[in-house]
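Chemist: With the sequence up front, the predicted model follows.
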Amino acid sequence: MISIQSIVFVLLISSILIDAQTFSNCGSGNHIKLNSLTISPYPVRVPGPATFTLGVGVSEDIKHPLQTAFDLKATALGITLPIKCENGVGSCTYADWCTACSTCTCPVFSGDQQMVISLNFTSGIPIGSTAKVRAQIDFQSASGQKGCVLMPSIDVRKK
């Protein structure tokens, strides 16, 4: 017989894993859509490296340059603060994602693709010992093709 403690433990672990991979595609008529997300390590440890593995669906070949804007906000102790762009990490806008992401395959062709993005987070992220980070990423190509991804709650902890 399964104990209530076992069920609670499984539910707790499941909620942590689901939180790590919670995302949505914002807007409508997007040409770039996120289908899957894995973050490692999770929770993200700051300062330190983290790898974001994204399964992306692209409805048609993307016309470059692909402008990409990150909007990151950290919430800790009930206070939400923007995360500034520092050394290419944070709330940054890149004129061409293919130039900014050395591990990404460019040009971006239609179909399913996997993007592995490694970032090195600095101690400049405005958090106490733990925070939830909200990330919105907006894409727009030279010909107006769009994409928008929202990750509402990424768990971040100081080392």
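Modeler: Arrived safely, thanks for sending.
Chemist: Going by C-alpha atoms from here, please, whenever you check contacts or count neighbours.
Modeler: OK.
Chemist: low-scoring stretches of the protein, by residue?
Modeler: Where the chain drops to pLDDT under 70, the residues are 1-21, 123-128.
Chemist: mind running it again at 90?
Modeler: Under the criterion pLDDT under 90, the flagged ranges of the chain are 1-22, 27-29, 46-48, 74, 76-79, 81, 83-90, 97-108, 115-131, 156-159.
Chemist: Mind jotting down where the strands sit in it?
Modeler: Secondary structure of the chain, counting by DSSP state E: strands at 24-25, 32-40, 44-46, 48-58, 66-76, 79-82, 93-94, 111-121, 130-141, 146-158.
Chemist: Let's have those in a markdown table, adding mean neighbour count.
Modeler: Formatted as a markdown table, the strands of the chain follow (neighbours: other CA atoms under 10 Å):
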| stretch | mean neighbour count |
| --- | --- |
| strand 24-25 | 17 |
| strand 32-40 | 18 |
| strand 44-46 | 21 |
| strand 48-58 | 17 |
| strand 66-76 | 20 |
| strand 79-82 | 14 |
| strand 93-94 | 18 |
| strand 111-121 | 15 |
| strand 130-141 | 21 |
| strand 146-158 | 20 |
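Chemist: Would you format those strands as CSV with distance to residue 104 included?
Modeler: Written out in CSV, the entries for the strands of the chain read as follows (distance: least, CA to CA, whole Å):
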stretch, distance to residue 104
strand 24-25, 20
strand 32-40, 14
strand 44-46, 21
strand 48-58, 11
strand 66-76, 12
strand 79-82, 26
strand 93-94, 14
strand 111-121, 6
strand 130-141, 14
strand 146-158, 16
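Chemist: Among these, which comes closest to residue 103?
Modeler: Ranking the strands of the chain by distance to residue 103, with CA to CA as the measure, places strand 111-121 first at 6.5 Å.
Chemist: by contact count, what packs against that closest one?
Modeler: Contact analysis of strand 111-121 by 3 or more CA pairs under 8 Å, 6 or more residues apart in numbering; DSSP states H and E lists strand 48-58 as its packing neighbours.
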